[in-house]
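Next one to model:
(chains A and B)
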Amino acid sequence: MASSPQKLKSYSKEDRIRSLLGQYGIGLVLVIMMIVIAIMEPRFLTLGNIINVATQISINGLLCYGLCLCITTGGIDLTVGAQLALTSCIIGQTMTNMGWPAFMAILAGVGVATLFGFIDGVLIAKFNMFPFVVTLSMQLVIRGLSQVITGGRAVMLTNAWFTGIYSNKLFGIPMPIIIFIVVTIIMYLMLHWTKFGRYIFAVGGNVNAAIASGVSRFWVIVGVYTISGVLAGLASMIYTSKTGSAQSNIGVGYETDAIAAAVLGGTSFAGGIATIPGCVLGIFIIGLIYNGMNMIGVSSYYQSIVKGLIIIGAVMLDMVMNRNKH
Amino acid sequence: MAENYILECKGISKAFGGTQALKDVQLQVRPGEVHALLGENGAGKSTLMKIVIGLYHQDSGSMVFDGKPYQAKGPVDAIKSGISMIHQELNPEPHLTIADSIFLKREDTNGIFLNKRRQNERTQKILDDFGFPYPATTLIRELKLADVQMVEIIRAVSTNAKMIIMDEPTSSLDEQETQHLFRVIRDLKAKGVAIIYISHRMAEIYEICDTVSVFRDGQYIATAPLKEVTNDDLIAMMVGRRVENLFPKVDCPIGDVVFKAEHLTGTGFEDINFEVHAGEILGLSGLVGSGRSETMRAIFGIDSYTSGKMYLNGKEFTRKNASDSIRQGVCMVNEDRKNFGLCLYRSIRENTSLPSLPERQRGLLLNQAREKKEVEEVSNTLLLKAASIEHNAYSLSGGNQQKVVIAKWIMASPKLLIMDEPTRGVDVGAKAEIYTLMCKFAAQGMAIIMVSSELPEVMGMSDRVLVYHEGHISGEFYRKDIVSGEVTQEVILSAAFGVS
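Here you go, the predicted structure:
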């Protein structure tokens, strides 16, 4: 009993400031980046460019949410890049070569991505295989499958309704942004306002305690990988609509940006810690690194270096701010 | 008379944080004797042995080994001096060969490279001397547990150990293997090697040991030749007289049977029969590993059982997993708070409501306002000291963390609440509060099973006590007999040690 008041005292003003910075430090990084880029290139802050950025980030954004969930349970999903290719190839093949209606083709593409997510989840949860190993291998399977489906050739997509998914606007807002916003809201509610979200945190935070509290580890793990599959499928739909062609070599390395955004957004690799608003910030930072540096004329070689350094810096900032936790 | 001792420890004290694990302890071991260390869990035996082999350093006190002042910097140092320890949980590298294992940390080399052939030959000779029927190149993982233990002993002997410490060496051996071990021990004794033998099995101690030293609550009690002491003497020494009166047990009316186990059998327990009533606190006593926690884990559904039946409120109770049990009103406070109790980096609110989230749904979403209100209510009932229920469980003291664990099960409104070591790692003040709460829950008609290694706690809080010994229930005692003094700590401890 005697020790309790001391424990409370540790929540001093300094700690509160640090905890605030820890929570919103990434937002600060984002604001500083925007200011620096805007000073160097005023066109950056025009509405047109901001809509442009938002449209571009929608693909990485959807992938990032899937990664965020998997990482929060203590895992990882390396298949998302390959899933992008597979869904794209299925959409192309069924729509252009088999004459399916666009909606059915999308359903088939996203459905297969979902199925692969489910399989990943079952392998991890049921057989206790390492998520890294499972998804690294499945990535090869999925990529190979997409090459088999298209015979390695690009399939053109001319369906106007389908290509409209990327280019159409609703109330002046491009469809990808609308999809991204809707998914963001759903993900936010799911992670922070449902039983399932709590179970994700519990399984990632302490799997034994979660099981002892009646949480089904199996369904939580299968659930997050399946959701990651759905989101990769949707991201592929946007991507394929944007390029107007289905190819088996797209999406290589996309998991890197998605992981980076999740980590920047405060998703902890130790598991059990993540927020969707944090991920949104991470997604925007990654998007701005590309867009901003393109605008101020930094070559893509340097962009990669800067991206890497910013991620390390941001994670280090997070460690310092939240050092009580680790 | 100046006695000839191989090991002499004098005035050893050791504290961990605020807990005094050893207080001015002594121990004298003669060469060529088998010296038993006896005491309840937490009496200080293991701590003292860890100091001897250099895993811990004493705060004060000194040791003399083989006539010279002795202080090991670590186990390797101790082995060099001639002291080896065979741990309760053996952890040799499974992928090593017997030869590698025996020569671990003192490999036979030509300068840089291992001389495998010579090492194998030397090992084979040692194994043959021992009559150990395996080639030196056998992998450890291919051996039976008893043989792995034998390899450890052979390693100890091959380092020319003058003293070998064995911590519960027979805990995983069958009768035949135990007898083989005893033959080896007698051989070692004949060669003048001293053995320190830690065990809870009285019969074994009488069979193989010459001398016994008893410890209690971190203090040295006495040393005596085993020929001169009886079972009862030893039990009395282990118990002593402890005056503690922090048990605010309130008697409340005991109602109908809530839970009943019939012939429950599983790993670590066999043919367990008991029932527990509404409003009753049933204490489970016994040594660690005697099957108490194992039974409880099987009832709750973290582990499984092989046969037997359970009944809850008169109906047969079956469960697929913990979630199933919780839904039916059977909850369990796990003894291991860090690993099975809390997600330390999530908030008190999330931790508390985790098992009862299904009841807090409103449509698809959680009713977080109600959740917050209910967690605050239960936290207040439990006198939880936290600035806010939004803080991480990590920021709380041990006692308050334990209250969060209890709170989460109270939120799930159990019919049967199993509490495994409910006050472990909790300070005295919080302990008393937890006891008061237990009485309160019992008064509300909950049935409570309390597993505890602390005898005073079991005796102070239980309406009825069941004692476990090696997977069986070896005694049942009632509160009235405990209060009247008819059933003493000695009686309960005798049952726990299987002494009739």
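
low-scoring pLDDT stretches of chain B, where are they?
Within chain B, the stretches with pLDDT under 70 are B:1-2, B:17-19, B:88-92, B:240-246, B:500.

Which segments of it make up each domain?
B:7-239, B:257-496 (automatic domain parsing).

Endpoint to endpoint, the shortest one covers what distance?
Between the opening and closing residues of domain B:7-239 there is a gap of 26 Å (CA to CA, to the nearest Å).

How about the residues of the stretch 101-250 of chain B by chain A?
Contacts of the stretch 101-250 of chain B with chain A, taken as CB under 8 Å from any CB of the partner chain, are absent. Bear in mind the C-beta positions are built from the backbone N, C-alpha and C, glycine included.

need the helices for the stretch 101-250 of chain B, in chain order.
With DSSP state H, counting those that start in this stretch as the criterion, the stretch 101-250 of chain B has helices at B:116-130, B:145-158, B:175-190, B:202-208, B:231-239.

Of all these, which one comes closest to B:Glu470?
helix B:202-208 (11.0 Å; CB to CB).

on contacts alone, who are the packing partners of the closest one?
Applying 3 or more CB pairs under 8 Å, 6 or more residues apart in numbering or on different chains; DSSP states H and E, one finds that helix B:202-208 contacts strand B:34-38, helix B:175-190.

what's it in contact with?
B:34, B:36, B:38, B:170, B:178, B:182, B:185-186, B:197, B:199, B:212, B:226, B:231, B:234, B:497-499 (CB atoms under 8 Å, 6 or more residues apart in numbering or on different chains).

how about 7 Å then?
Contact with helix B:202-208 is made by B:34, B:36, B:38, B:170, B:182, B:185, B:197, B:199, B:212, B:226, B:231, B:497-499, as judged by CB atoms under 7 Å, 6 or more residues apart in numbering or on different chains.

Report the two of the residues you listed separated the most.
Of all pairs in those, the most separated under CB to CB is B:Ile185 and B:Val499 at 22.6 Å.

The two: which is more packed in?
Remark: of B:Ile185 and B:Val499, B:Ile185 carries more neighbours, 20 against 17, as counted by other CB atoms under 10 Å in any protein chain shown.

pretty sure that one is touching B:Ile195, no?
Yes. Contact criterion CB atoms under 7 Å: B:Ile185 and B:Ile195 qualify, at 5.9 Å.

Would you quantify the distance from B:Pro456 to chain A?
B:Pro456 sits 19 Å away from chain A, going by CB to the nearest CB, to the nearest Å.

Show me how far stretch B:350-363 is from its chain's centre.
With CA atoms, centre = their mean, to the nearest Å as the basis, stretch B:350-363 stands 33 Å off its chain's centre.

swap in stretch B:381-389?
30 Å.

Show the end-to-end separation of that stretch, please.
Start-to-end, stretch B:381-389 (CA to CA) is 14 Å.

who's in contact with it?
A:4, A:8, A:11, B:347-349, B:375-376, B:379, B:396, B:400, B:403-404, B:406-407, B:433, B:437.

in that stretch, what's buried?
Buried residues in stretch B:381-389, counted by 16 or more other CB atoms under 10 Å in any protein chain shown: B:382-386, B:389.

For the stretch 1-150 of chain A, give me the ranges with low pLDDT.
A:1-24.

For it, which segments count as helices?
With DSSP H, counting those that start in this stretch as the criterion, the stretch 1-150 of chain A has helices spanning A:3-9, A:13-40, A:47-72, A:80-92, A:102-127, A:131-150.

so what does the fifth one touch, helix or strand wise?
What it means is helix A:102-127. helix A:80-92, helix A:131-150, helix A:217-243 (3 or more CB pairs under 7 Å, 6 or more residues apart in numbering or on different chains; DSSP states H and E).

Redo these as JSON lines? Include distance to A:Ala160.
Compiled in JSON lines, these are given as follows (distance: least, CB to CB, whole Å):
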{"stretch": "helix A:80-92", "distance to A:Ala160": "15"}
{"stretch": "helix A:131-150", "distance to A:Ala160": "22"}
{"stretch": "helix A:217-243", "distance to A:Ala160": "11"}
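
do you know which of these lies nearest B:Phe300?
Comparing these by CB to CB, helix A:217-243 comes nearest, at 16.1 Å.

for chain A, what are the nearby residues on the stretch 301-450 of chain B?
B:302, B:322-323, B:326, B:334, B:339-343, B:345-346, B:350, B:354-355, B:357-358, B:361, B:364-366, B:368, B:385, B:387, B:395-397, B:399-400, B:408, B:427, B:429-430 (CB under 7 Å from any CB of the partner chain).

Make a ChimeraX selection of whichever of these turn out to be buried.
Selection of buried members from those for ChimeraX, criterion 16+ other CB under 10 Å:
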select /B:302,322,323,326,334,340,341,342,343,345,346,350,354,355,357,366,385,395,396,397,399,400,408,427,430
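
to the chain's geometric centre, what's the distance from stretch A:102-119?
Going by CA atoms, centre = their mean, where stretch A:102-119 is centred and where its chain is centred differ by 18 Å.

quick one: B:Met446 from B:Trp409, how far?
Noted for B:Met446: a distance of 10 Å to B:Trp409, by CB to CB, to the nearest Å.

What of B:Asp187?
53 Å.

The two: who's more crowded?
A direct count of neighbours by other CB under 10 Å for B:Asp187 and B:Trp409 places B:Trp409 higher, at 22 against 13.

Spit out the contact partners of the more buried one.
So B:Trp409 contacts B:331, B:333, B:355, B:417 (CB under 7 Å, 6+ apart).

again with B:Ile195
B:34-35, B:164, B:166, B:185, B:188-189.

before we move on, back to that, just send the contacts of B:Trp409 back as a markdown table, with secondary structure too.
Below are the contacts of B:Trp409 laid out as a markdown table (DSSP: H, G, I helix; E, B strand; the rest coil):
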| residue | secondary structure |
| --- | --- |
| B:Cys331 | strand |
| B:Val333 | strand |
| B:Pro355 | helix |
| B:Leu417 | strand |
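
most surrounded residue in the residues you listed?
That'd be B:Cys331 among the contacts of B:Trp409, by other CB under 10 Å, with 28 neighbours.

is it true that it touches B:Met419?
No. Using CB under 7 Å, B:Cys331 is not in contact with B:Met419; the gap is 9.3 Å.

picking that back up, ok, the buried residues of stretch B:381-389 vs A:Ser241, which is closest?
Among these, and counting by CB to CB, the member closest to A:Ser241 is B:Ile389, at 46.2 Å.

Pull up the gap between the closest residue in space to B:Leu145 that isn't next to it in sequence and A:Gly121, please.
Among residues not flanking B:Leu145 along the chain, B:Ser172 sits closest, at 5.1 Å (CB to CB, 6 or more residues apart in numbering or on different chains). Separation of B:Ser172 from A:Gly121 (CB to CB): 37 Å.

between these two, who's got more neighbours?
Taking neighbours as other CB under 10 Å, B:Ser172 and A:Gly121 compare with A:Gly121 leading, 28 against 15.

now check stretch A:178-198, is it near chain B?
Yes. Stretch A:178-198 reaches chain B (CB under 7 Å from any CB) through A:189, A:193-195, A:198.

Select only the buried ones of those in PyMOL?
Restricted to buried positions by 16+ other CB under 10 Å, the PyMOL selection for the residues of stretch A:178-198 next to chain B reads:
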select buried, chain A and resi 193+194+195+198
